[in-house]
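S.K.: Sharing a sequence plus its predicted fold:
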Amino acid sequence: MKRQRRFTPVIAGGAMLAIGACHAQSSVTLFGLIDTGVAHYRVHGKGSQTALASDGLASSRLGFRGQEDLGGGLSAGFWLEGSLAVDNPTSFDLARRSTVSLAGPWGELRLGRDYTPTYLIQSDFSGPWVTNGVGESIVYRGRAILYGSANAGQSSHVRVSNSVGYFLPRDLGGFSGQFQYGLPEAVDGGDAERYLGGRLGYRQGAFRVGAAYSRTMGGPKAPTTRPRDIRSASIGVAYDFGVASVEALYAQDRVEMPLGPKRFEGATVGVTVPVGPGEIRASYGQVAFRYPGDRSRASKIALGYVHHLSKRTALYATFAHVRNRRGAALTVGGDVAGLADHAASGQNFGIRHAF
Amino acid sequence: MKRQRRFTPVIAGGAMLAIGACHAQSSVTLFGLIDTGVAHYRVHGKGSQTALASDGLASSRLGFRGQEDLGGGLSAGFWLEGSLAVDNPTSFDLARRSTVSLAGPWGELRLGRDYTPTYLIQSDFSGPWVTNGVGESIVYRGRAILYGSANAGQSSHVRVSNSVGYFLPRDLGGFSGQFQYGLPEAVDGGDAERYLGGRLGYRQGAFRVGAAYSRTMGGPKAPTTRPRDIRSASIGVAYDFGVASVEALYAQDRVEMPLGPKRFEGATVGVTVPVGPGEIRASYGQVAFRYPGDRSRASKIALGYVHHLSKRTALYATFAHVRNRRGAALTVGGDVAGLADHAASGQNFGIRHAF
Amino acid sequence: MKRQRRFTPVIAGGAMLAIGACHAQSSVTLFGLIDTGVAHYRVHGKGSQTALASDGLASSRLGFRGQEDLGGGLSAGFWLEGSLAVDNPTSFDLARRSTVSLAGPWGELRLGRDYTPTYLIQSDFSGPWVTNGVGESIVYRGRAILYGSANAGQSSHVRVSNSVGYFLPRDLGGFSGQFQYGLPEAVDGGDAERYLGGRLGYRQGAFRVGAAYSRTMGGPKAPTTRPRDIRSASIGVAYDFGVASVEALYAQDRVEMPLGPKRFEGATVGVTVPVGPGEIRASYGQVAFRYPGDRSRASKIALGYVHHLSKRTALYATFAHVRNRRGAALTVGGDVAGLADHAASGQNFGIRHAF
């Protein structure tokens, strides 16, 4: 299904644990992905870093999920998934996704920590790498900066905790949709972050289109760490021509700041060309910030090749280059901080193995 | 079995992992439970909070357990189980229970971190919710306060680390029992917390009775964080009338404090009434503290309905109300601190799914 | 296989999770080990400690591993394994081993966090207990001190993060070998720890021999926490006489320090004698440090018995004694710090259960 494909694009297998010695009336699936490779990051005019990375093509993860048929079209399910830093492991949590669902002909109600509509549209349309490796979408990187978090792992443009979500039923003639609310959990009306987001999509044959809108309000007031009011709009379109599949995304965000709104605009185009047992990938994107004293702009190009050894295992290599103008200092990843108006580039190669 | 039922009351399934492609000579069971819902907590005269919670009916968890038949009536087993904060995941540990066991006709020897006899009697007799959600037993809440830990997760009235436990054999004509010792691990006779506890139970048809006594000694001296000497006595009785099952618990604790002993007394009655595919639950309880300058008392009533969609999945709703007198400031959960002599109340509703 | 045996010496079972309800074309194995017992540590002339420990015979662990046949002699695999503190659980991570591998007729390429060649030779030849319990190899303890980490869990004499490893193919007429490089991940040529190590082994019938050499360079400069330049050489030999198997290890390390090189030398002999369903174990070792003002020396003897209840489950008891001379202050474990020129001793007994 389309919705599931986004979360686990490469999981061909996944170990299905039969209950009671192989009477598989109900089941838990243990699944995961390990992506490890060598990455080289460079900030021109400044320095470089070579590192082992664990997300060159997809984010390393380990998870448990399952579903129970309750009869009458009803089903219950759960999904627990955590990140793996294969190169240098840290405490394991289940913070990638941690949800319980009740689904029926009326759609799906989902509670817990989950991906946001904004991220899912980004994931569907922002090109082949989305958030991974040196090829990551420049819209993802730009939003991470805008949302005030360099790594962006916990910010509401990717995931939201304490959320209540509703998904449209899957059988709506190509339409899909989602609404999500992140509870502020404020004590006695006090200030706490609140998230509201929605998403609509349509698919017909090789054609896909989707849009998302979200608003994050409240929470810590310091505008340099996490702004009080963020609005994100995203629209994407894709077509699979057979010889190549093309995705395009346009994103427009707005954050309330002390000197007025800070605006962000970004657009990417991504292409995937199947070549024998592999695929060539390319993407191009631009972002622009607008705020008193800030007119920074950056563009990025990424090129890569993925060689599928099997459905579960692939080798990959990626090259990426960012051009910074008017004070922008974006990079393609790594620990070398960007340098205003200087390009940044990088390469990675590695292996991705799903289970 | 009775003893196991207490730890995993709702696990109907549990994925059994067959060794070597379905030759299930020995096995590991992957099991868990996800309970997520919306809770509203109110402290009258002060404020309220609405939050996504992950333990409205039962504590969310993920675990691994297994058993090996060693022949001659002997068996070895292990149990590793950790908490899940489904709403807002944090580092995963296996601190709910982490034990290895050797069992034989003579009983069971169990090493590691385990539940205490005091908690198990509480769990068996303190009503339908025990430690979960707004309906949690007021004896649990009172003991958490007494033991000096608001959340009580790590305190010895629920679990003890570094413990050596002995359980009576299961086939003693209805009798069951347990003795537990928590090693102080003091360096060279220095001061470290030591736990000693025991439990006895008897079951005959629909009738159950049990009692536990424990003493926690040593450890940090500051009486406001964790007192040096805590004695807990608990006695419970239960009868399943068919149309309703009734449980009653009486608890009496004593903590040595600078001005003399601080005493705690509590009692609860809980009723569960099966109604079609669900059950109505109710509980009433009282607690009283006694210490120079402290004669605080509180009572609590909780009402709820659980609708079983299957053995593994249930929907629930609970309402609870606490009345505080003579300076007591208990709540039904949440982050709003209690207010002396003011009532607190709350509701929750959610879904519980076991696997 | 020899290489695998080192990591999981006692895992007879391991739950194999069949994909898609018992069509085991590919698989994930969930495995683990729980070792818990009571240990008593004594520093003569100072004090003692009794504690519940979780590694008397082998390190408690929980892991996930799998392999995929890619055809043409190629295979991909992963190994995720974390420590368990069964006595007092803490955050779970996968820091024991976290790797992804690509293997072919040309050998194995392995990326991630992995054991070092130095540790693997230590593990193969330093006697029955290696790093576990009161019987742990005195070479392990001495190296932990030398590498500047009392517990040594994270130091490069056991494991290295961000590593790229190459293993010789397994079918080389008894020869085995490994090369490992730990990426420094330095930003712009800055100072970061870099690891280089290699290992060669040969096995013919009951005879085994192996050697490793490694160098750890860079990183934090303070010589008391982690020296800048450490060289470790290890050579081991073993023979299984049937009635007894004997292992011997010689180790020589050198660390650059402010006053010149600090040298470490150590040697151990270990014997395992099968007796009915169990085995008697003994080891003797010596270590010596050499540095301006430091000529400390220590020796250790350990004796133990392991009773196998099954392939997966064993009971054990160990006794160990360390003699310190010329200012040495080694112990056999526990939280009582060593006392110069005073002996240390200890016992443990417990249960080890693998799954």
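M.R.: Yep, it's here.
S.K.: residue in the stretch 101-250 of chain A nearest to chain B?
M.R.: residue A:188 (2.6 Å; C-beta to the nearest C-beta). Yep, even glycine has a C-beta here, placed from its N, CA and C like the rest.
S.K.: Not counting sequence-adjacent ones, nearest residue to that residue?
M.R.: residue B:47 (2.6 Å; C-beta to C-beta, 6 or more residues apart in numbering or on different chains).
S.K.: what do you get for residue A:241?
M.R.: residue A:206 (7.2 Å).
S.K.: cool, and residue A:82?
M.R.: Residue A:82's closest residue in space is residue A:94 (C-beta to C-beta, 6+ apart), at 4.5 Å.
S.K.: burial count for the one you found?
M.R.: 26 (other C-beta atoms under 10 Å in any protein chain shown).
S.K.: isn't it right up against residue B:84?
M.R.: Yes: applying C-beta atoms under 8 Å as the test, residue A:94 and residue B:84 come out as touching, 6.6 Å apart.
S.K.: Quickly list what's touching both of the two.
M.R.: A:80, B:62, B:92 (C-beta atoms under 8 Å, 6 or more residues apart in numbering or on different chains).
S.K.: how close does the last one sit to residue B:113?
M.R.: When you say that, I think you mean residue B:92. Taking C-beta to C-beta, to the nearest Å as the criterion, residue B:92 is separated from residue B:113 by 15 Å.
S.K.: More neighbours: which of those two?
M.R.: Neighbour comparison, residue B:92 and residue B:113: the larger count goes to residue B:113, with 27 against 22 (by other C-beta under 10 Å).
S.K.: The helix or strand where that one lies and chain C, are they touching?
M.R.: Residue B:113 belongs to strand B:107-115 when assigned by DSSP states H and E. Yes: in terms of C-beta under 8 Å from any C-beta of the partner chain, part of strand B:107-115 sits within range of chain C, namely B:111, B:112, B:113.
S.K.: can you redo those residues as TSV with pLDDT?
M.R.: Formatted as TSV, these follow (pLDDT from 0 to 100):
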residue	pLDDT
B:111	98
B:112	97
B:113	96
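S.K.: looking at chain A, which helix or strand is least sure?
M.R.: Ranked by mean pLDDT, DSSP states H and E, the weakest helix or strand in chain A is helix A:2-7, scoring a mean of 32.
S.K.: Report whether stretch A:121-132 contacts chain C.
M.R.: No: figure legend: stretch A:121-132 not in contact with chain C (C-beta under 8 Å from any C-beta); closest approach 15.3 Å.
S.K.: Any idea how far that stretch is from the middle of the chain?
M.R.: Centre-to-centre, stretch A:121-132 and its host chain are 6 Å apart (C-alpha atoms, centre = their mean, to the nearest Å).
S.K.: looking at it, the residue nearest to residue A:188 is touching residue A:187, isn't it?
M.R.: Yes: using C-beta under 8 Å, residue B:47 is in contact with residue A:187, at 6.4 Å.
S.K.: Export only the CA atoms of the helix or strand just after the strand holding residue B:113, formatted as CSV.
M.R.: Per DSSP H and E, the first helix or strand lying C-terminal to strand B:107-115 is helix B:117-125. Extracted in CSV, the C-alpha atoms of helix B:117-125 (Å, rounded to 0.1, in the frame of the first residue of the first chain):
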residue,chain,number,x,y,z
PRO,B,117,6.0,-9.4,47.1
THR,B,118,4.3,-6.2,48.3
TYR,B,119,3.6,-5.1,44.8
LEU,B,120,2.3,-8.5,43.7
ILE,B,121,-0.2,-8.6,46.6
GLN,B,122,-1.2,-5.0,45.6
SER,B,123,-1.5,-6.1,42.0
ASP,B,124,-3.7,-9.1,43.0
PHE,B,125,-6.0,-7.4,45.3
